[in-house]
Each structure stands twice: as structure tokens, then as C-alpha cells.
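K.L.:
Everything below, folded, please.
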Amino acid sequence: MAKETPTTPKSNTNKKPRKSKGTTGLWSIKGIDNETRTKTTRAAKKRKETIGSYVNRVLLEASNNDLSSKSNGTEVAVNTDEMIVKMFQQQEAMVASQSALASKVEELVAEKDKPLLKRVFG
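P.N.:
Presented below is the predicted three-dimensional model:
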């Protein structure tokens, strides 16, 4: 009686990668941050989609939005560091605006005891 040896599936090392049905081919993108990869994986799992279908859908939606809308002059931050810098710049602008409003409120409060006609006409 001959011994049966377990067979292992042959690897696909000498062949081109197989295409999935409904796709136009394989595509790889270099330079993606680990944070982006992790969040993309989590988002795909949350929506119960494969990473490929999730990325395909999100990229298609974003591309369609970009192609159909006119640029509004706002810049998109490329990474987390740039987003933090932009947030601090916006915060500084808001603080300056708030200071100007606070000064105006103080002026109005100081003038509240003046008669109305004096406040209006000086």
C-alpha cells in the first residue's frame, strides 16, 4: 500500500497575477501612510466591504466630486502634520477675531449709560 503525501497548492510565482472579475487590472499605490492604511482597513471592515471595493468606491466618489466641482481655492492638507499646522493657523485667526469682538463689546458696554441720541450721533 502506497503512502499518500499531502499535496500543497502550487504557487503562482511564474504567472502573472490573476484579475478579479469586474476589474480592469491590478494597481498598487506607493507612499501611503500607515495611518491612512489602518483607517482605510477599519473603514472597509465597518462597511463590510473588501479593501479593494472600499478604496475603489471612495476614490471614484472623490474623483467625480473633484471633476464636477469648481475649485473653491481651499487647500487640502496632505498629512497629519500639515493639518495640525492649518488648525493652529485657523485658531490664531479665530483668537484675533474674538479679541476684536471683545473690544467692540467693551466699547458698547461702556457707552450703554449714554443717552441714545448721543450714542447714535456722537
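
K.L.:
and the longest helix along the chain, how far out from the chain's middle?
P.N.:
Ranked by number of residues, the top helix in the chain under DSSP state H is helix 80-110. Between the centre of helix 80-110 and the centre of its host chain there is 25 Å, according to C-alpha atoms, centre = their mean, to the nearest Å.

K.L.:
May I see the buried residues of the helix or strand following it?
P.N.:
As assigned by DSSP states H and E, the chain's next helix or strand after helix 80-110 is helix 116-121. Buried residues in helix 116-121, counting neighbours by 16 or more other C-beta atoms under 10 Å, are absent. Just so you know, the C-beta spots here come from the backbone N, C-alpha and C atoms, and that holds for glycine as well.

K.L.:
can you check stretch 26-45 too?
P.N.:
Quick answer for stretch 26-45 (16+ other C-beta under 10 Å): residue 44.

K.L.:
And for stretch 79-99?
P.N.:
Of the residues in stretch 79-99, none is buried (16+ other C-beta under 10 Å).

K.L.:
Could I get the phi/psi values of residue 114?
P.N.:
Phi and psi for residue 114, reported as degrees, to the nearest 10, are phi -70, psi 150.

K.L.:
Tell me the pLDDT of residue 98.
P.N.:
Note for residue 98: predicted pLDDT of 92.

K.L.:
list the contacts for it?
P.N.:
The contact partners of residue 98, taken as C-beta atoms under 8 Å, 6 or more residues apart in numbering, number zero.

K.L.:
how close does it sit to residue 63?
P.N.:
Noted for residue 98: a distance of 38 Å to residue 63, by C-beta to C-beta, to the nearest Å.

K.L.:
Which residue ranges make up each domain of the chain?
P.N.:
Taking automatic domain parsing as the reference, the chain has its domains at 33-70, 78-122.

K.L.:
residues in contact with the helix or strand of the chain with the lowest mean pLDDT?
P.N.:
Least confident element among the helices and strands of the chain, by mean pLDDT, DSSP states H and E: helix 116-121 (a mean of 77). For helix 116-121, contacts defined as C-beta under 8 Å, 6+ apart pick out residue 111.

K.L.:
what about it, distance to the chain center?
P.N.:
Counting by C-alpha atoms, centre = their mean, helix 116-121 comes out at 51 Å from the chain centroid.
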